[in-house]
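Asker: coordinates for the following, if possible.
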Amino acid sequence: MTVGDVSAQGGQAVGVNYGQMIHQWFAGAFQLLRQATIPLDPLPGDLALTDPAEPGNPVARFRGRAELIDRITTFLAWSVAQRRGGYLLIEAEAGMGKSALATYLAFTRAWPAHFTRLAEGRTPQTARLNLAAQLIARWKLEDAAPGGILPDKADSTAWLYGRLCEAAERRDQVEPGTPVVLLVDGLDEAPATAAGELPLGLPPSLPPGTVIIATTRPRTVAIPAGARVIERIDVESTANHRDLLDYLVTVTTTDPAIDNVLRMAGLAADRFCRTLLDRADGVWIYALSVLDQIRG
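Answerer: Residues are numbered from 1 along each chain as shown. Okay, here's the model as predicted:
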């Protein structure tokens, strides 16, 4: 794409545009910046994170993972302080709430985010373009998209890496100490890549103080050991069981549909939650499925 300004010839323009008239022209393939971003609006409802009593907070029912979020925060601070770039992989088996965690982070942090579960989310070109567009908006990289227009080949790995480098430079100028972060949920669900390429065509190396946080099932993403740190959610861990119980108590005491059923059955909420926790054995999707059936 080529962008240029053309002034009105022959002196002043007439009519409503009295003064100098500027026409912006474009040549070649291009896309609007705002059209490249994939909205995250469906996620809180799909993942049962919304609470009708708190319409202003789309992730009001998210609970738990405090220790994991603290470790994520610590790693980001370390990456900036040490001028290191790399990947932070959040690994857990299916049904353990990885997408719920990623959604909570996306709605509570100023991080560009991509979810493979959304429409066209598994298409590498779409993913890179989505992340690049949000990166430009977050770090105000106006020169990368003059007039809000993305150039041709803005969906390439090299172009995304270039914007990460520009974001790191801008960070050092205006927000030193703040990490440049991209958030990717469901990296293991991306299509197979050619040998030596990362899923979704993400950059293999990252600028200083730049981190890509990605959720994935264990041992499914081949990222060089020196460029990654792994945090695992263990289904049998005390922390996971505690987090699930916290969520169950919150839902059963704030969701009228479930509360009414328990009252009609003469079943105390505490007993119900602990029984469901034991039956689920730490698997979040099992517990959520039971709650959905009770609502129905």
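Asker: C-alpha from now on. contacts and neighbour counts both.
Answerer: Fine.
Asker: next, I90: phi, psi?
Answerer: Main-chain dihedrals, I90, degrees, to the nearest 10: phi -100, psi 100.
Asker: if I pick it, what's in contact with it?
Answerer: 98, 213-216, 230-233 (Cα atoms under 8 Å, 6 or more residues apart in numbering).
Asker: and the closest residue to W159 other than its chain neighbours, what helix or strand is that in?
Answerer: In space, and not counting its chain neighbours, W159 is closest to K153: 7.3 Å by Cα to Cα, 6 or more residues apart in numbering. Counting by DSSP states H and E, there is no helix or strand that carries K153.
Asker: confidence score at T254?
Answerer: Note for T254: predicted pLDDT of 88.
Asker: hang on, the earlier thing: and the contacts of I90, which is closest to D46?
Answerer: Of all those, K98 has the smallest distance to D46: 13.4 Å, by Cα to Cα.
Asker: next up, the contacts around the closest one.
Answerer: Contact analysis of K98 by Cα under 8 Å, 6+ apart lists 90, 92, 185, 215-216.
Asker: what about the strands in the stretch 51-200 of the chain?
Answerer: Secondary structure of the stretch 51-200 of the chain by DSSP state E, counting those that start in this stretch: the strands cover 86-91, 113-115, 149-151, 180-185.
Asker: how about low-confidence regions in the chain?
Answerer: Applying pLDDT under 70 to the chain picks out residues 1-31.
Asker: in it, which residue is closest to the centre?
Answerer: A113 (2.9 Å; Cα atoms, centre = their mean).
Asker: circling back: export the strands of the stretch 51-200 of the chain to a markdown table and tack on distance to N240?
Answerer: What follows is the strands of the stretch 51-200 of the chain, written out as a markdown table (distance: least, Cα to Cα, whole Å):
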| stretch | distance to N240 |
| --- | --- |
| strand 86-91 | 13 |
| strand 113-115 | 23 |
| strand 149-151 | 42 |
| strand 180-185 | 19 |
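Asker: what's the most buried one of the ones you listed?
Answerer: Among the strands of the stretch 51-200 of the chain, strand 113-115 has the highest mean neighbour count (mean count of other Cα atoms under 10 Å), at a mean of 29.
Asker: could you tell me how far it lies from the centre of the chain?
Answerer: Between the centre of strand 113-115 and the centre of its chain there are 4 Å (Cα atoms, centre = their mean, to the nearest Å).
Asker: other SSEs contacting it?
Answerer: When contacts are defined as 3 or more Cα pairs under 8 Å, 6 or more residues apart in numbering; DSSP states H and E, strand 113-115 sits against helix 124-139, strand 180-185.
Asker: got the domain ranges for the protein?
Answerer: Domain ranges of the chain: 33-232, 238-295, per the TED database.
Asker: so which of the ones you listed is the most packed in?
Answerer: Most buried among the domains of the chain, given mean count of other Cα under 10 Å as the contact rule, is domain 33-232, at a mean of 18.
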